[in-house]
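In: Sharing a model prediction with you, sequence too.
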Amino acid sequence: MSALRRSLFLLGGASRSSSSLIGSSLSGSSLVGSSSPGMVLLSSSTDVFQNLALEDWIDAHVDLQQRRLLLLWRNRPAVVIGRHQNPWAEADLPHMKRAGVPLARRRSGGGAVYHDLGNLNATFFCSKQAYDRGRNLGVVTGALRRVRPDLDVRATDRLDIVLNGDLKISGSASRLSRKSSYHHLTLLHSADRASLSSMLRPSCSGIHSNATPSVRSPVTNLRDHAPSLKWEELLEALQLQFNKEFGLSAALSPVDPSDDSAFPGVAAAAAELRGWDWTFGKTPKFSLKTCLPLGPGRGGALLQLEVRSGRMENVELMVSKDWIPERLCVELSAAMTGEKFCRLHAAAAFNAMSQRGGEDGVLQHRLDVLCDAVINAMG
C-alpha cells in the first residue's frame with residue numbers, strides 16, 4: 001500500500017471530490033527544497049512519538065520565513081502532556097499502563113490531552129513573525145462551518161474551540177523558536193470520551209508544584225452533533241479553508257515519518273521522546289506530602305519528599321515508633337533517596353531491605369504493609 005493510500009485509509013478514506021486535491025507523497029528533502037509558499041501534509045503514521053518528532057523535524061529543517069505548512073495527523077490511544085506539566089498530576093498512569101496506553105511529553109506548552117483515532121490533530125507552521133493562533137483557529141471554525149453550517153462553533157478567549165457555547169471540541173498549544181513557530185490543536189471527531197475522562201485524572205494526591213495545570217472543561221465529539229460527518233470531509237474542508245485564508249493552492253500531500261531515509265533523524269527524535277529522561281525526568285520540581293493508610297487498628301504513616309528531575313530527594317517516612325522502629329524508617333527513607341519516583345523503584349528499595357533479613361515475622365509483615373502503602377501513594 002502506498003503512503004498516500006495508507007494515509008487515507010488510516011484517516012477514513014478519500015471522497016471522490018477530494019481526490020483531485022491530493023498531491024504526490026513528499027519526503028523530507030522535497031519539503032526542504034520546495035519553493036512552494038504553502039503545503040498541506042497528511043501523516044501516514046499513527047504513532048504519537050513519530051508524529052511529535054515530525055513536527056520538530058519540520059520546525060528545525062524547513063525554511064518557514066516565507067512559507068506556511070499545515071500538518072494533519074492522528075494517533076493510536078495516547079495521553080500527551082505539555083512541556084511544563086507534571087505527569088503524576090495530569091494522568092492516571094497505572095490505568096494507562098494496564099490499558100497499554102503510552103504517555104508522551106510534547107515540546108510545546110499547554111495542558112494534557114487524550115489522543116485516539118477519533119481525534120484529528122492539526123499543526124500550523126509559519127515564521128515567528130507571522131504567528132497568529134487566532135487566525136489558525138479561524139481556519140478550523142471556518143472549515144467546520146463549510147461542512148456543517150448549522151454547527152455553532154467558535155473560538156474562545158482561551159484559544160479553545162467550543163460547540164454550542166460551552167462544549168469543548170478543540171484545545172491548542174504552541175511553540176515559538178527563534179525564527180519559526182508552530183501551533184497545534186486537537187479536534188474531537190469521534191474520540192472515546194470514557195477513556196478520555198478516565199485517563200486524564202491524577203495518579204496520586206498530595207502533590208505541590210508550580211507545573212502548568214490543565215484546565216478541565218466539558219467536552220463533546222463532533223459526531224455527537226453531526227452523525228454523518230466523515231473524516232474525508234474534515235480533511236478536505238481544512239485543506240480548502242487553509243488555502244482560502246492564506247491565498248494558497250496547496251494539495252493534500254502524504255508524508256511518512258516512520259521512513260527514516262525520507263526523514264533522517266525522526267526515528268532518533270522519536271526514541272528520545274519515548275525515553276524516561278524526557279517523559280518523566282523533565283518534570284518541574286515538585287513535592288509530595290500524603291498520609292499513608294496502614295489498615296484498621298494500625299493508624300497511619302506520613303510520607304513527604306521532593307522530586308527533582310524525576311528522582312526522589314529529602315525523603316521522610318514517619319510511622320508510629322511502636323509499630324515500626326524509627327531506625328527502619330530512616331533506612332527506608334535513605335534507600336528511596338536518589339531513586340526514580342515510580343512504583344517499581346520504590347518497591348526495589350523495599351525489597352532490598354527485605355532480602356537483607358534480620359526482622360521477625362510480625363515486623364516483616366508490617367514492612368510489607370508499609371511498602372504497599374508507599375507504592376500506592378505514587379500512583
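Out: Okay, I see it. Values in this document were obtained by computation on a predicted structure and should not be read as measured data.

In: can you pull out the helices in the chain?
Out: All helices of the chain, identified by DSSP state H, fall at 3-11, 28-33, 48-61, 87-90, 93-99, 133-147, 193-199, 222-225, 231-246, 266-274, 276-279, 326-336, 343-356, 361-377.

In: Spit out the contact partners of the one residue sitting closest to the centre of the chain.
Out: Compute the mean C-alpha point of the chain, and by Cα atoms, centre = their mean the closest residue is residue 80, 0.7 Å away. Listed by Cβ atoms under 8 Å, 6 or more residues apart in numbering, the contact set of residue 80 reads 48, 52, 103-106, 112-115. Where you see a C-beta, it was placed from the backbone N, CA and C, and this is true even at glycine.

In: is it possible to export the helices of the chain to a markdown table including mean pLDDT?
Out: Output for the helices of the chain, formatted as a markdown table (pLDDT from 0 to 100):
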| stretch | mean pLDDT |
| --- | --- |
| helix 3-11 | 50 |
| helix 28-33 | 88 |
| helix 48-61 | 97 |
| helix 87-90 | 96 |
| helix 93-99 | 95 |
| helix 133-147 | 97 |
| helix 193-199 | 96 |
| helix 222-225 | 97 |
| helix 231-246 | 96 |
| helix 266-274 | 98 |
| helix 276-279 | 97 |
| helix 326-336 | 89 |
| helix 343-356 | 78 |
| helix 361-377 | 86 |
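
In: So which of the contacts of residue 80 is the closest to residue 169?
Out: Nearest to residue 169 among the contacts of residue 80, counting by Cβ to Cβ, is residue 113 at 12.0 Å.

In: Next one: the closest one from residue 284, what distance?
Out: For residue 113, the distance to residue 284 (Cβ to Cβ, to the nearest Å) stands at 19 Å.

In: Let me see the contact set for residue 97.
Out: Neighbours of residue 97 in contact, by Cβ under 8 Å, 6+ apart: none.

In: wait, I meant residue 144
Out: Residue 144 is in contact with 151, 153, 222, 237, counting by Cβ under 8 Å, 6+ apart.

In: what do you get if the cut-off is 10 Å, keeping everything else the same?
Out: Taking Cβ atoms under 10 Å, 6 or more residues apart in numbering, we find residue 144 in contact with 151-154, 161, 163, 169-170, 187, 222, 226, 229, 233-234, 237-238, 241.

In: Tell me who's in contact with the closest residue to residue 274 other than its chain neighbours.
Out: Excluding the flanking residues, the one nearest residue 274 by Cβ to Cβ, 6 or more residues apart in numbering is residue 49, at 5.2 Å. Counting by Cβ under 10 Å, 6+ apart, residue 49 touches 75, 78, 102, 104, 257, 266-267, 269-275, 279.

In: ok, so of the residues you listed, who is nearest residue 365?
Out: Distances from residue 365 to the contacts of residue 49, taken by Cβ to Cβ, are shortest for residue 279, at 35.3 Å.

In: wouldn't residue 38 be in contact with residue 249 here?
Out: Yes. Under the criterion of Cβ atoms under 10 Å, residue 38 makes contact with residue 249 at 7.8 Å.

In: which residues are in contact with both of these two?
Out: residue 243.

In: Quickly list what residue 127 is bridged to.
Out: Beta bridges link residue 127 to residue 180, judged by DSSP bridges.

In: hang on, the earlier thing: please tell me how far the residue nearest to the centre of the chain sits from residue 276.
Out: In terms of Cβ to Cβ, residue 80 sits 16 Å off from residue 276.

In: How about residue 194?
Out: 28 Å.

In: Just give the closest residue to residue 167, not the sequence neighbours.
Out: In this structure, residue 167 finds its nearest non-sequential neighbour in residue 220, 4.1 Å apart by Cβ to Cβ, 6+ apart.

In: Backbone dihedrals for the one you found, both of them.
Out: Phi and psi for residue 220, reported as degrees, to the nearest 10, are phi -150, psi 160.

In: tell me the pLDDT at it?
Out: pLDDT recorded at residue 220 is 98.

In: Quick check: it touching residue 193?
Out: Yes. Judged on Cβ under 10 Å, residue 220 makes contact with residue 193 at a distance of 7.9 Å.

In: neighbours around the residue nearest to residue 167, how many?
Out: Residues lying near residue 220 (other Cβ atoms under 10 Å) number 17.

In: Repeat that for residue 155.
Out: For residue 155, the count of nearby residues is 18 (other Cβ under 10 Å).

In: and if you look at residue 164?
Out: When neighbours are defined as other Cβ under 10 Å, residue 164 has 12 of them.

In: Look up the closest residue to it, ignoring the ones flanking it.
Out: Nearest to residue 164 is residue 152, by Cβ to Cβ, 6+ apart, at 5.2 Å.

In: show me the contacts for that neighbour.
Out: 144-145, 162-165, 167, 225.

In: Whichever of those end up buried, select them in PyMOL.
Out: Applying 16 or more other Cβ atoms under 10 Å to the contacts of residue 152, the buried members can be selected in PyMOL as follows:
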select buried, resi 144+145+162+163+167+225
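
In: Format the helices of the chain as CSV; extra columns: distance to residue 305.
Out: Converted to CSV, those look like this (distance: least, Cβ to Cβ, whole Å):
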stretch, distance to residue 305
helix 3-11, 43
helix 28-33, 44
helix 48-61, 30
helix 87-90, 12
helix 93-99, 17
helix 133-147, 38
helix 193-199, 25
helix 222-225, 43
helix 231-246, 46
helix 266-274, 26
helix 276-279, 18
helix 326-336, 7
helix 343-356, 10
helix 361-377, 10
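
In: Name the residue in residue 113 and residue 284 with the higher neighbour count.
Out: The residue with more neighbours, out of residue 113 and residue 284, is residue 113; 26 against 15, by other Cβ under 10 Å.
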